[in-house]
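Asks: Pasting the sequence and the predicted coordinates here, then a few questions.
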Amino acid sequence: MAKIGVVGSGAWGTALAAMAARGGHQAVLWSREQDVVDEINQEATNRRSLPGAALPEGVSATLDADTALKGADAVLFVVPAQATRAVAEGLVSVIAPGTPVLTCSKGIEQESGRFMSEVLAEVLPEVQAGALSGPSFAVDVVRGLPTAVTVAASGITEAERLAALLSAPTFRPYASDDLIGVEIGGALKNVLAIAAGAVAGRGLGKSAEAAVIARGFAELSRFGQTRGARGETLMGLSGLGDLVLTCSSPQSRNYAFGMALGAGETVDALLAGGRPLAEGAHTASVLAAMAVREGIDMPIAGAVAAVLSGRLTIDAAIDGLLQRPLKREGL
């Protein structure tokens, strides 16, 4: 039995803790909310984040970071992307050197343009920073439905070890040492899912949604190539697989965010406190700026950023995409 520490007690953190427990490990969630800790420990539920889901034996929660993370064989970092740096800074003295720390958040830090494993490596330089990503909904994982993801580390031997550690009867991790490629897929698909959702919310049809997914994947691939990501990674679970899932279901917070935009809700209302977090809404602006700065053609990502900033309406963004110069497929 290994000890898996989980930073964050939201839906995804709770689901991953349940997965680890089903794999035969001790899963300890670190939370800052007393009521969540009490409910997990006393009732084996987290109704706020995963209503109706029962947690398996082996999952516990605590307010004390030392209790959750010291002595952990691996730490799963499951906090919003834009909060990752601040939370990690508070854990410098808690997480032991050499501990594998896998980011399970998908985004790009707005201030620095860094991906989450890069943030962890900067703040916690003595840990082994990696990532867990792929097509997965928390509600499916907590229910024990079949799910496949990618576990990435800087070396393939470590990635394979972590994949074996985190494997469970219905949770299959595939190992990769293409860490940046895995993170690019996870971060960019959230922005593209907002576009797909907006098309759905506008009632433009499944053909248009399919076009957004296909051309969005072309943008994701172009961006990945500039960072040295491998083609097989972008075509795999953490790239195309996650993109298709996130762009096709209202269970996706980013797709649901886009649907609401397409139906007429305002950006301010959707970003208000109490609404589900859509990571793509916070990644879009920095992604679009990086694309412009590096000369990467990413019109869909740019249109999402322009809509979110109020520089374009959704209708104007759609018109702009349709009026782009004709080009050959594959470019």
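Replies: Happy to help now that I have it.
Asks: Need the three-state assignment for the closest residue to Ile4 other than its chain neighbours.
Replies: Nearest non-adjacent residue to Ile4, counting by Cβ to Cβ, 6 or more residues apart in numbering: Ala20, 4.1 Å away. The way it works is simple: take the backbone N, C-alpha and C, and place the C-beta from them, glycine included. Under DSSP: H, G, I helix; E, B strand; the rest coil, the three-state class of Ala20 is helix.
Asks: show me what contacts Ala20?
Replies: With contacts defined as Cβ atoms under 8 Å, 6 or more residues apart in numbering, the neighbours of Ala20 are 4, 6, 27, 58-59, 76, 166, 168.
Asks: Same list, these, but as CSV with secondary structure please.
Replies: Conversion of these to CSV gives the following (three-state DSSP):
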residue, secondary structure
Ile4, strand
Val6, strand
Ala27, strand
Gly58, coil
Val59, strand
Leu76, strand
Leu166, coil
Ala168, strand
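Asks: Let me know the closest of the residues you listed to Gly181.
Replies: Nearest to Gly181, judged by Cβ to Cβ, of the contacts of Ala20 is Leu166 at 19.1 Å.
Asks: pretty sure the closest one is touching Met19, no?
Replies: Yes. Taking contacts as Cβ atoms under 8 Å, Leu166 lies within contact range of Met19: 7.4 Å.
Asks: between the two, who's got more neighbours?
Replies: Taking neighbours as other Cβ atoms under 10 Å, Leu166 and Met19 compare with Met19 leading, 29 against 24.
Asks: just for the stretch 201-331 of the chain, where's the confidence low?
Replies: Low-confidence segments of the stretch 201-331 of the chain, defined by pLDDT under 70: 331.
Asks: What distance do you get for the residue nearest to Ile4 to Arg227?
Replies: Note on Ala20: its distance to Arg227, by Cβ to Cβ, to the nearest Å, is 30 Å.
Asks: did I read that right, Ala163 in a helix?
Replies: Yes. The assignment for Ala163 by three-state DSSP puts it in a helix.
Asks: give me every residue that touches it.
Replies: Shown here is Ala163, whose contacts under the criterion Cβ under 8 Å, 6+ apart are 151, 173-175.
Asks: repeat that with 10 Å
Replies: In this structure, Ala163 makes contact with 132, 149-153, 172-176, judged by Cβ atoms under 10 Å, 6 or more residues apart in numbering.
Asks: hmm, which two among those are most spread apart?
Replies: Among the contacts of Ala163, the pair separated by the greatest distance (Cβ to Cβ) is Ala153 and Arg172, at 16.9 Å.
Asks: Settle it for me: which of these two has more neighbours?
Replies: Neighbour totals were compared for Ala153 and Arg172, and Ala153 leads with 24 against 15 (other Cβ under 10 Å).
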